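**Q** Here is a sequence with its predicted model. Questions after.
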Amino acid sequence: MMEPKEISLEMKEYLVAAGAQTLDHCMSCGLCSALCPWRLVSGHTSEVFYIRKMQRLAQLGLEGFDEEDVLFACTTCGTCQRNCPRQVKIIENVRSMRSTTVEAGFVPAPVRSVVGSLHANGNPWSGPREKRMDWLQGMEVPAFKPDTEYLLFVCCTSCYDPRSQKIARSVAGLLKKGGVNFGVIGVEESCCGETVRKIGDEELFRKLAESNIKLFKEKGVKKIITTSPHCLYTFKNEYPELGGEFEVMHYTQVLADLMQEGKLPLTVPLDRKVAYHDPCYLGRHNEIFEAPRTLLKAIPGAELIELSRAKERSLCCAGGGGRLWAEVPRGERFGELRVLDAEERGADILATACPYCVIMLEADCLALDKQEKIKVMEISELLSASMGRES
C-alpha cells in the first residue's frame, strides 16, 4: 500500500499555494473513492488507489508516494469532484500533488517521452513540428486571416495519430460544407498543454500556453473551434488566467447549430444502432451533453441508444490525466466496460466526440475481440458518411 515519505506543514502550504486551495474542505466522507471508476475494475491499481486517502495525506503534508502508479493513477474524469458534498476541487489537489514530484525532477516512465516531445516539438506525439498539418492530405482548408471568424484548432492527437487524422479531416470538411468562416494556423501552434498540466508540469504548461496565447493574439484570433474536448477545456477555463480571453466552442456545438439551420444536409441512411459515449471533458467538465445527441439523432436511419451510465454519470474511457499513454492490462480498463455495455444494448456502433476516447475504446474493442461486433466511430465521421463523404 502507499505510504507518505514525509509529513510536513511546509509541504501542505506548498500544495495549497500550487492550487489545492480547497484541500481542507474535505471531511473524508469517502464518496469520492466510492464513485471512482477504479472501484469497477480489478488489478493492482484498483487495490492501491483511493482518492480519499490521497486527499487525507495531502492534508497532513504529503511529500510523495512509494508507488508512482498511485499518484498518477487518477484520470481526472471529474466524477468525484462533481459529486463532492463539500465542493472540493479534487482534480486541482491531484495536480498540485503531482507537481511536487515533477518539479523535483521525477516524471513517470509512461509519459517521459511525452514531456520530452512537448519540450522539443510542441506536441506529445514525437512528431516534427513541420508535419503538424499532414492531417490535411490534399484538402483545401483556408489559412487563418485577420477577417476569419473562427480558428479551427486541431488537437495534437488528430495532427499526428493516423487514426485520429480522419477526425480532423471530417470536422474540417463538415465546417466547409456548412459555410463556416474558419481557417487554420498550422505549424506555429503548440499543444494546448491540458495533459501536461494534469501530469503536474506547471512550468511546461505555462510555456505552451503563453506561446499559443501570443500567437493567437498576433493573428487576431477571437473565436476558436476545437476538435478535442481537452483543448476546449483548457482554452476556455485555464488560458484566461494567463491573459488568453477567447470565445471557444467544440465542433459539435457549431455543427448542431448548423443542423438546426438546415445547413448540413444528411441524406445517406445509416440504419445502425448507435450508442453514444459521453467524453468526460465534453460532458462533466464542459456541460455539453445535447449537441452530440442532436447530431446523432439527425442522421437518417440511426437509432440512438443510451448506455447504462450516460451524461453526468458517464463512465470514463481512462484516457485523461496522462493515462492515454499508460499500459493497462486487460480486465483493468474502464473502456472495456463501455464496449460490453454497448454490446449488451445491441449497438452496432459506439460513437463518441473525443480523439482520446476513440483511441482508448478502439483498443478496448481489440482487447475484448469485439472489433467485428462493435465499431468505434467519432461523430464527425458518422456525419461525413451520411453526407456521402469519405474522411
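**A** Structure received.

**Q** Over to L382. Which of the three states is it?
**A** At L382 the chain is in helix, as set by DSSP: H, G, I helix; E, B strand; the rest coil.

**Q** what's the answer for E241, then?
**A** Under three-state DSSP, E241 comes out as helix.

**Q** pLDDT score for it?
**A** Listed pLDDT for E241 reads 96.

**Q** what do you get for the one 3 residues further on?
**A** The pLDDT attached to G244 in the predicted structure is 98.

**Q** Begin at 602 from now on, thanks
**A** With the count now opening at 602, the last piece we talked about shows up as G845.

**Q** so how far is G739 from it?
**A** 32 Å (C-beta to C-beta, to the nearest Å). Every residue, glycine included, has its C-beta placed from N, CA and C.

**Q** repeat for C678
**A** Counting by C-beta to C-beta, the gap from C678 to G739 is 37 Å.

**Q** residue ranges with poor pLDDT in the protein?
**A** 602-610, 663-668, 991-992 (pLDDT under 70).

**Q** domain assignment for it?
**A** 610-703, 711-857, 865-987 (automatic domain parsing).

**Q** can you redo these as CSV with mean neighbour count?
**A** As requested, those are exported to CSV (neighbours: other C-beta atoms under 10 Å):
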stretch, mean neighbour count
domain 610-703, 19
domain 711-857, 20
domain 865-987, 20
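
**Q** Sketch out the helices for the stretch 652-801 of the chain, chain order is fine.
**A** 652-661, 669-672, 680-684, 691-703, 713-722, 757-761, 763-778, 795-800 (DSSP state H, counting those that start in this stretch).

**Q** what residue is smack in the middle of the protein?
**A** Residue closest to the mean C-alpha point of the chain, counted by C-alpha atoms, centre = their mean, is H831 at 3.9 Å.

**Q** Show me the contact partners of the strand or helix carrying that residue.
**A** Using DSSP states H and E, H831 falls within helix 830-838. For helix 830-838, contacts defined as C-beta atoms under 8 Å, 6 or more residues apart in numbering pick out 754, 756, 793-796, 798, 810, 825, 827, 845, 847, 849-851, 880-883, 886-887, 889, 921, 954-955, 957.

**Q** Sort out which of those residues are in helices and list them.
**A** 795-796, 798, 810, 957 (DSSP state H).

**Q** Same list (those residues) but as a markdown table, adding distance to K912.
**A** As requested, the ones in helices among the contacts of helix 830-838 are exported to a markdown table (distance: C-beta to C-beta, whole Å):
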| residue | distance to K912 |
| --- | --- |
| E795 | 22 |
| T796 | 24 |
| R798 | 26 |
| A810 | 30 |
| Y957 | 18 |
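
**Q** Identify the farthest-apart pair in those.
**A** Greatest spatial distance among the ones in helices among the contacts of helix 830-838 (C-beta to C-beta): A810 and Y957, at 19.3 Å.

**Q** Let me see the contact set for L865.
**A** 775, 778-779, 856, 859, 899, 984, 988 are the contacts of L865 under C-beta under 8 Å, 6+ apart.

**Q** now the strands for this protein?
**A** For the chain, strands defined by DSSP state E occupy the ranges 751-754, 783-784, 824-827, 848-851, 873-877, 903-907, 950-953, 976-979.

**Q** Which of the helices of the stretch 652-801 of the chain sits closest to A619?
**A** Using C-beta to C-beta, the helices of the stretch 652-801 of the chain put helix 691-703 closest to A619, at 4.1 Å.

**Q** How far off centre is that closest one?
**A** 18 Å (C-alpha atoms, centre = their mean, to the nearest Å).

**Q** same check, this time on stretch 905-913
**A** Relative to the centre of its chain, stretch 905-913 is centred 18 Å away, using C-alpha atoms, centre = their mean.

**Q** Which residues are in contact with the closest residue to K976 other than its chain neighbours?
**A** Using C-beta to C-beta, 6 or more residues apart in numbering and skipping the chain neighbours, the partner closest in space to K976 is I950 (5.1 Å). Going by C-beta under 8 Å, 6+ apart, I950 touches 873-876, 975-978, 983.

**Q** how much space between the closest residue to E693 other than its chain neighbours and N684?
**A** Spatial nearest neighbour of E693, chain neighbours left out: G620 (4.6 Å); criterion: C-beta to C-beta, 6+ apart. G620 sits 20 Å away from N684, taking C-beta to C-beta as the criterion.

**Q** can you pull the contacts of R733?
**A** R733 makes contacts with 724, 757, 760-761, 787-788, 790, as judged by C-beta under 8 Å, 6+ apart.

**Q** Out of these, which is nearest to D625?
**A** Closest to D625, out of all of the contacts of R733 and judged by C-beta to C-beta, is C757, at 36.3 Å.

**Q** The closest one against E795, yeah?
**A** No. Using C-beta atoms under 8 Å, C757 makes no contact with E795, being 10.1 Å away.

**Q** before we move on, the earlier item: how much space separates the residue nearest to E693 from E839?
**A** Remark: distance between G620 and E839 (C-beta to C-beta) = 11 Å.

**Q** Can you tell me what sits against stretch 780-788?
**A** With C-beta under 8 Å, 6+ apart as the criterion, stretch 780-788 contacts 730-731, 733-734, 742-746, 749-753, 755, 773, 776, 816, 820, 826, 855, 859, 864.
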